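Novice: Show me how the following folds:
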Amino acid sequence: MFSELVRILRGGIRPTSFEQLCIEACLKNLPEQIKDIANTQLAQYNLIQREIDGRALNFYKVARFNQIVEPSNLLPIKSKDCVLLKIEVETDTKESVNVTLHATGYRVFCIQFSRSVSNLKSTKEIAVKKITQSWRDVI
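Specialist: Model (predicted):
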């Protein structure tokens, strides 16, 4: 109930099918030493905001009184602000999109797309075509 109220009051959204598939693909391709913490962080977030251009989602954990709080576990990375992973995905209609997963403040913060993905919202299947393991520089 509280999470739903936070989402409504703070302008939060629910990810589209395509966005959710991309989040899952990014998490699946993270190394084991950060995958579990990233999954836990995303499970704790109760606010997702889509940037106005439709090219990114930002994740937050909001407590009572609209205070942004840190997740219970932080990522074991060397950099406070970095790219964790870049992937290229292809939809079932053969559209290609580059996807980047960012960490800020030692937490998963943002997933960014190379273009607006509003036209892909009902996509039911994606294939990962290319993976750049950016996390190698920060572990």
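Novice: What is the longest strand along the chain packed up against?
Specialist: Criterion DSSP state E: the longest strand present in the chain is strand 81-91. Strand 81-91 sits against helix 17-28, strand 96-104, strand 126-132, with contacts defined as 3 or more Cβ pairs under 8 Å, 6 or more residues apart in numbering; DSSP states H and E. (Glycine included, C-beta is placed from N, CA and C.)
Novice: Return the residues in contact with Lys61.
Specialist: Gln41, Gln44, Tyr45, Asn46, Leu47, Ile68, Val69, Glu70, Pro71 (Cβ atoms under 8 Å, 6 or more residues apart in numbering).
Novice: how close does the closest residue to Arg14 other than its chain neighbours get to Pro31?
Specialist: Nearest non-adjacent residue to Arg14, counting by Cβ to Cβ, 6 or more residues apart in numbering: Ile48, 7.3 Å away. In this structure, Ile48 and Pro31 are 24 Å apart, going by Cβ to Cβ, to the nearest Å.
Novice: That concludes my questions; thank you for your assistance.
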